[in-house]
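Trainee: Provided below for reference: sequence and predicted model.
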Amino acid sequence: MHELSIALSLLETAEEQSRQRGGVRISAIHLRVGPLSGVMADALAGAFEMATERSEFAGCRLVITETPLVINCPTCKAEREVESIQKMCCNVCGTATADVASGRELEVFAMEIDE
Amino acid sequence: MNTTDLAAKSEAGSQVPSHLRPQTRLVEVRQNILKQNDTVARELRRRFHEAGIFVVSLVSSPGTGKTAFLERVLTQSRQQHNVAALVGDLATDNDAQRLARSCAPVKQIITGTVCHLEAEMVKNAIEGWLPKDVDLLFIENVGNLVCPSSYDLGEDLRLVLMSVTEGEDKPLKYPTIFNTADVAIITKMDLAEAVEFNLEAAHRNIQGVGGGLVVGLVSAWGGGGLVVGVWGLASGGGGGAH
């Protein structure tokens, strides 16, 4: 259950962003979470609620976009979406590879600020 | 892409006339949530490279045999290298005491309630402890196949271990940690027959979640060639944990 550690890092990021903008209120945080990030979206949302409960971010929404798992296929020389995390291979030619193009994301990409 | 509004709470302002509600503006912020850990890990990697230290981390579930494996690796590596080890656990320094039998410098990191090591813990642990002549450092993570996958520790090579008693489908159940590793090691091979371990299926599952992963087989009383194998990877530049 490392989602609480991650939620606390997220809270720090939000506090920093708020401070940089003169203490604005952040009403929502938009995240991208990949299947290889090692983070469960539901658990992160629960942990974030717990982490922010008694802070100025209480009630701040988390909007989580789950990104697809994409590999760089060495045979097709192209980015290919992977059907299952248990089968890391090209969905066109079947070549197995660990060269991940997308799917490790664990990032904030936008915030909603009240003005 | 699936977008889910997971913490949809009714805004307090919903009963307030629209002209009195605060205006909301969407601003783009590109930031990795674990930026702080990644920054420390990058700095550690730079320091290790400058000092000529190759760093190998070990992850597995509790009871796979990380410490037994590492004890042998330390004892054997000492003949050719100046080795040292950091070992993480929630409580006790039992593992550090075991590893110290190899006569290599060993330090325990007690994480308390934290289920994984973070770069900052490694940084604090090596401060004033890491002997200057060390050229090979091992970091044994807390026994956990989930949480350590998200944290870069500044290592060059990440080893994931699974034992035959855990079953061939371990990689399928914990794909992320296998995918972020550079080498997979199957331990307790001397028990394979007794537990009807299917090595072929295990290989297939490992390759399924981490295409091209190097696989090593060891038992408590064997696997002597592995140290050379790991160092061979090191000399070749290694893969680097993701």
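Mentor: Structure received. Please read all numbers here as calculations on a predicted model, not as lab measurements.
Trainee: low-confidence regions, chain A specifically.
Mentor: Residues of chain A that meet the criterion pLDDT under 70 lie in A:1.
Trainee: how about the closest residue to residue B:44 other than its chain neighbours, what does it touch?
Mentor: Spatial nearest neighbour of residue B:44, excluding adjacent residues (C-beta to C-beta, 6 or more residues apart in numbering or on different chains): residue B:154 at 3.1 Å. In this view, the C-beta of every residue, glycine as well, is placed from N, C-alpha and C. Residues in contact with residue B:154, defined by C-beta atoms under 8 Å, 6 or more residues apart in numbering or on different chains, are B:40, B:41, B:42, B:43, B:44, B:45, B:47, B:48, B:55, B:119, B:122.
Trainee: and what of residue A:102?
Mentor: Residues near residue A:102 by C-beta under 8 Å, 6+ apart: A:34, A:67, A:68, A:69, A:70, A:79.
Trainee: now do the strands in chain A.
Mentor: With DSSP state E applied, chain A shows strands at A:25-33, A:61-66, A:70-73, A:78-81, A:100-102, A:106-114, listed in chain order.
Trainee: present these as a markdown table; the columns should include distance to residue B:25.
Mentor: Conversion of the strands of chain A to a markdown table gives the following (distance: least, C-beta to C-beta, whole Å):
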| stretch | distance to residue B:25 |
| --- | --- |
| strand A:25-33 | 10 |
| strand A:61-66 | 15 |
| strand A:70-73 | 31 |
| strand A:78-81 | 33 |
| strand A:100-102 | 28 |
| strand A:106-114 | 5 |
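Trainee: and of the ones you listed, who's closest to residue B:165?
Mentor: Closest approach to residue B:165 among the strands of chain A (C-beta to C-beta): strand A:100-102, 30.1 Å.
Trainee: quickly run through the sheet partners of that closest one, with directions.
Mentor: Paired strands of strand A:100-102, with direction, are strand A:70-73 (antiparallel) (DSSP bridges).
Trainee: list of residues touching the partner strand?
Mentor: For strand A:70-73, the external contacting residues (C-beta under 8 Å, 6+ apart) are A:78-82, A:88-90, A:92-93, A:95, A:97, A:99-103.
Trainee: now with 10 Å, please.
Mentor: For strand A:70-73, contacts defined as C-beta atoms under 10 Å, 6 or more residues apart in numbering or on different chains pick out A:34, A:78-82, A:88-103, B:211.
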